[in-house]
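Undergrad: Got a predicted model here, sequence first, then my questions.
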Amino acid sequence: MILVDTSVIIGYLKGLENPKIELFEKVLKQKVMYGISSYTYQEVLQGSRDNEEFNKLNEYLSTQKIYFLPESIETYESGAKMFYNLRKAGITIRSTIDILIALTAIEYDLSLLHNDRDFEMIKAHTSNFKTISELF
């Protein structure tokens, strides 16, 4: 199962071309199971240009499998610890949301399909975080 990041969804919807979007197109064509995090859902919707686009995106996204992090203090402690450990290693992740998306992938044992360098830095320092760069 694959978790698709905001960077890929937005690029795909904009009709951009790059290797990660091409990989997502293969996922769609081969009907590989995938989903998005609740944070990706929000990030895509908040980028809407107008009400019509918001409604269209909401209609599309609401048909996707959406993964939610458990609402517990341990979840957010884990996220803070991940951010802290990365910073201690000299790595600054630009967005707390990226940490939460990575935690979502870890929580559900999913491989993240992304187009964001922060996730590769997280992967290099987090043993149980997986990303995908090609289909099996």
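TA: Thanks, I have the structure now. Every value quoted in this text rests on a predicted model; they were computed, and no experiment measured them.
Undergrad: Going by C-alpha atoms from here, please, whenever you check contacts or count neighbours.
TA: OK.
Undergrad: Restricting the selection to alpha carbons, write the lengthiest helix in the chain to PDB.
TA: Identified as the longest helix of the chain according to DSSP state H is helix 73-88. C-alpha atoms of helix 73-88 as PDB (Å, rounded to 0.1, in the frame of the first residue of the first chain):
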ATOM      1  CA  ILE A  73      -0.300  12.300  23.300                       C
ATOM      2  CA  GLU A  74       2.100   9.500  22.300                       C
ATOM      3  CA  THR A  75       1.600  10.400  18.600                       C
ATOM      4  CA  TYR A  76       2.500  14.000  19.000                       C
ATOM      5  CA  GLU A  77       5.400  13.100  21.400                       C
ATOM      6  CA  SER A  78       6.700  10.800  18.700                       C
ATOM      7  CA  GLY A  79       6.500  13.600  16.100                       C
ATOM      8  CA  ALA A  80       8.300  16.000  18.400                       C
ATOM      9  CA  LYS A  81      11.000  13.500  19.100                       C
ATOM     10  CA  MET A  82      11.400  12.800  15.400                       C
ATOM     11  CA  PHE A  83      11.800  16.500  14.700                       C
ATOM     12  CA  TYR A  84      14.100  16.900  17.700                       C
ATOM     13  CA  ASN A  85      16.400  14.000  16.600                       C
ATOM     14  CA  LEU A  86      16.600  15.300  13.100                       C
ATOM     15  CA  ARG A  87      17.500  18.800  14.300                       C
ATOM     16  CA  LYS A  88      20.100  17.300  16.700                       C
END
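Undergrad: And that helix, what does it pack against?
TA: In terms of contacts (3 or more C-alpha pairs under 8 Å, 6 or more residues apart in numbering; DSSP states H and E), helix 73-88 is packed against helix 96-107.
Undergrad: buried sites along the helix it packs on?
TA: Residues of helix 96-107 classed as buried by neighbour count (16 or more other C-alpha atoms under 10 Å): Asp98, Ile99, Leu100, Ile101, Ala102, Leu103, Thr104, Ala105, Ile106, Glu107.
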